[in-house]
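> structure for this input, please:
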Amino acid sequence: MSYKVRKYLQQLAFRKVAKSGISLVDFLILFFRHIQADNINSKANAMAFNFMLAIFPGIIFLFTLIPYFPIPNLQGQILSFMANAMPASIYGLMKETIKDIVSRPRGGLLSFGFFFSVYAAMNGTLAMMTAFNECHRSAENRGFIRTRVVALTLTIINSLILILSVSLILVGEQALDYLYNFHKISAFNYYLLMVIRYITAIGSFFFLTAFIYYFAPSVHTRWRFFSLGAFVATALNVLVTVGFTIYLNSIAGFNKLYGSIGTIIALMLWLYLTSMVLLVGFEINAVLERVMDSENKLKKEPVFIAGRRK
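Next up, the predicted model:
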């Protein structure tokens with residue numbers, strides 16, 4: 001049995017990566033060299049800081065809109081979705097802030113929250129675009145105004161896709177509860193459709209990641225829209241979120257050690273890890289593109305045999 005395992009691992013190690021001529025071992029060596037050279041740690045810090053500035057005004061803006069929508073228990077449904085999507089201690093901080101906001105409509109807070117969240121989110125997108133360009137070894141050639149227009153467009157599109165995905169998930173939960181309570185579907189079908197809801201959420205993140213990887217860099221990339229890096233980033237993000245939640249709930253004692261500020265530290269760490277995952281996925285695509293470009297150049301170079309060019 002151990003011989004078969006060793007043989008499989010050897011075959012896996014030398015298997016070609018994504019139609020390239022490089023083995024998995026060589027690719028990983030090259031990948032970690034680029035990770036170290038590109039210093040993605042500092043880039044992830046910059047992205048996390050800007051997204052930290054955007055996340056609270058964005059959530060405040062979203063929940064300030066709730067009193068204007070005649071949807072029963074909309075606040076509870078969104079809070080339930082957030083509770084399932086993020087670590088418990090981070091959710092606890094946001095829940096208390098949100099409860100203070102949604103009690104009544106506030107026009108001034110609505111406008112301030114909207115403009116500040118858009119501005120901060122755009123800065124986060126700009127930091128991400130700069131990091132992608134540096135990882136891709138390409139200079140920003142779109143100009144000051146065009147770069148910010150692209151960043152604003154990406155921010156708005158990603159926000160709309162995210163809001164639409166969350167809305168579909170929430171409406172889906174309401175519809176499933178109605179069908180189950182009135183015996184329209186069996187318990188098996190109910191839980192099956194609940195699993196599909198979470199798969200939809202993961203698929204939405206995969207689409208968002210692929211969209212960002214394809215359009216954020218300053219140069220047109222050669223990888224496909226649904227790339228290997230987007231797939232790896234999505235899988236890593238799910239693992240990181242689940243693992244970080246278990247870590248916060250079971251091991252870490254941020255609140256005991258730092259008090260209420262411990263939740264802010266946990267949120268910063270979560271955003272940092274998410275930013276790191278995005279950069280790792282993009283780095284995978286960038287390294288694969290460099291490898292395939294090198295192979296294409298070698299194929300196009302003339303071969304000299306015995307003084308003759310072939």
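
> next, count neighbours for Ile145.
The number of residues packed near Ile145 is 8, by other Cβ atoms under 10 Å. Where you see a C-beta, it was placed from the backbone N, CA and C, and this is true even at glycine.

> try the one 10 residues further on
For Thr155, the number of neighbouring residues by other Cβ under 10 Å comes to 21.

> state the helix or strand in which it lies.
Taking DSSP states H and E as the criterion, Thr155 maps to helix 144-181.

> tell me what the following helix or strand past that helix is packed against?
Later in the chain than helix 144-181, the nearest helix or strand by DSSP H and E is helix 187-215. Under the contact criterion of 3 or more Cβ pairs under 8 Å, 6 or more residues apart in numbering; DSSP states H and E, helix 187-215 touches helix 144-181, helix 228-250, helix 261-300.

> pull out the buried positions in helix 187-215.
193, 197, 201, 204-214 (16 or more other Cβ atoms under 10 Å).

> let's have those in a markdown table, adding distance to Ser23 and pLDDT.
As requested, the buried residues of helix 187-215 are arranged in a markdown table below (distance: Cβ to Cβ, whole Å; pLDDT from 0 to 100):
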| residue | distance to Ser23 | pLDDT |
| --- | --- | --- |
| Leu193 | 42 | 76 |
| Arg197 | 39 | 76 |
| Ala201 | 34 | 78 |
| Ser204 | 33 | 82 |
| Phe205 | 30 | 83 |
| Phe206 | 26 | 88 |
| Phe207 | 30 | 87 |
| Leu208 | 31 | 86 |
| Thr209 | 26 | 87 |
| Ala210 | 25 | 88 |
| Phe211 | 30 | 87 |
| Ile212 | 29 | 88 |
| Tyr213 | 24 | 87 |
| Tyr214 | 27 | 85 |
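
> out of the residues you listed, who's nearest Met47?
Closest to Met47 out of those is Ile212 (11.5 Å), distances taken as Cβ to Cβ.

> gap between the closest one and Ala127?
Separation of Ile212 from Ala127 (Cβ to Cβ, to the nearest Å) stands at 13 Å.

> ditto for Tyr272
Taking Cβ to Cβ, one finds Tyr272 at 13 Å from Ala127.

> of those two, give the one with the bigger neighbour count.
More crowded of Tyr272 and Ala127, by other Cβ under 10 Å: Ala127, with 21 against 18.

> thinking again about what came up before, show me what the mean pLDDT comes to for the helix holding Thr155.
Averaged across helix 144-181, the pLDDT comes to 75.

> for this structure, which spans come out with low pLDDT?
1-22, 56-79, 81-114, 165-174, 178, 180, 182-184, 220-223, 248-263, 293-310 (pLDDT under 70).

> for stretch 283-292, C-alpha coordinates in CSV please.
Extracted C-alpha coordinates of stretch 283-292, given in CSV (Å, rounded to 0.1, in the frame of the first residue of the first chain):
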residue,chain,number,x,y,z
GLU,A,283,0.4,34.8,-8.5
ILE,A,284,-0.4,31.2,-9.7
ASN,A,285,-1.9,32.7,-12.9
ALA,A,286,1.1,35.0,-13.4
VAL,A,287,3.7,32.3,-12.9
LEU,A,288,1.8,30.0,-15.3
GLU,A,289,1.7,32.8,-17.9
ARG,A,290,5.5,33.4,-17.6
VAL,A,291,6.2,29.6,-18.0
MET,A,292,4.0,29.3,-21.1
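
> and that stretch, what's buried?
For stretch 283-292, burial by neighbour count (16+ other Cβ under 10 Å) applies to 283-289, 291-292.

> just name the most buried of the helices and strands packed on helix 187-215.
Mean neighbour count (mean count of other Cβ atoms under 10 Å) peaks for helix 261-300 among the helices and strands packed on helix 187-215, with a mean of 19.
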